[in-house]
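J.: Here's a sequence, model it:
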Amino acid sequence: MKLDETDEKILKNLMVDARLSARQLALKLGMSTVTVLSRIKKLEKEKIIKGYTATIDHEKLGYILTAIIEIIAKKDKLVDIEEKLASFENVCGVYDITGTADTLIIAKFKARDELSEFVKKLSSIPNVENTITHLVLNTAKEDFRLS
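T.: Okay, here's the model as predicted:
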């Protein structure tokens with residue numbers, strides 16, 4: 001599906017505030033509510049809009065540690081390992097990457113011992129050869145919305 005300027009405007013507005021109603025969006029963009037609703041339905045059908053969510057402050061929920069963990073795996077088992085990693089509660093992102101590591105994950109933890117247990121759990125996954133853990137000291141930006 002090729003996005004036009006109207007689709008992009010709708011998406012940008014929803015990324016800033018997913019709670020906007022179609023009526024509010026229509027007023028803001030100067031178009032009819034029916035047009036906005038039909039565009040949103042089309043974007044949802046095409047899985048461009050996968051869902052609606054709130055942007056939260058993880059630290060205020062007690063997740064004070066962010067870890068970026070590189071994983072080196074046996075090549076023929078990479079997809080299986082990534083699927084398993086994606087199922088872990090603390091994991092926010094799983095990336096198949098280039099470079100010396102095969103996979104990179106971003107995960108959040110409430111305490112150091114929780115992170116320690118997690119890294120040990122990773123190392124015990126069959127076909128995981130090595131992990132390299134980086135701790136985030138400060139977060140300058142953490143927002144995956146494009147704008």
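J.: surely residue 90 meets residue 118?
T.: Yes: between residue 90 and residue 118 there is a contact at 6.2 Å, judged by Cβ atoms under 8 Å. Every C-beta, even on glycine, is put in place using the N, C-alpha and C of the backbone.
J.: what do the two both touch?
T.: Common contacts of residue 90 and residue 118 (Cβ atoms under 8 Å, 6 or more residues apart in numbering): 107, 109.
J.: Name the residue in those two with the higher neighbour count.
T.: Just comparing residue 90 and residue 118: by other Cβ atoms under 10 Å the higher neighbour count belongs to residue 118, 21 against 16.
J.: Correct me if wrong: that one contacts residue 85.
T.: No: between residue 118 and residue 85 there is no contact under Cβ under 8 Å: 10.6 Å.
J.: Domain boundaries for this protein, per the record?
T.: Domain assignment for the chain by automatic domain parsing gives 5-45, 58-135.
J.: give me the low-pLDDT residue ranges for this protein?
T.: Along the chain, segments meeting pLDDT under 70 span 147.
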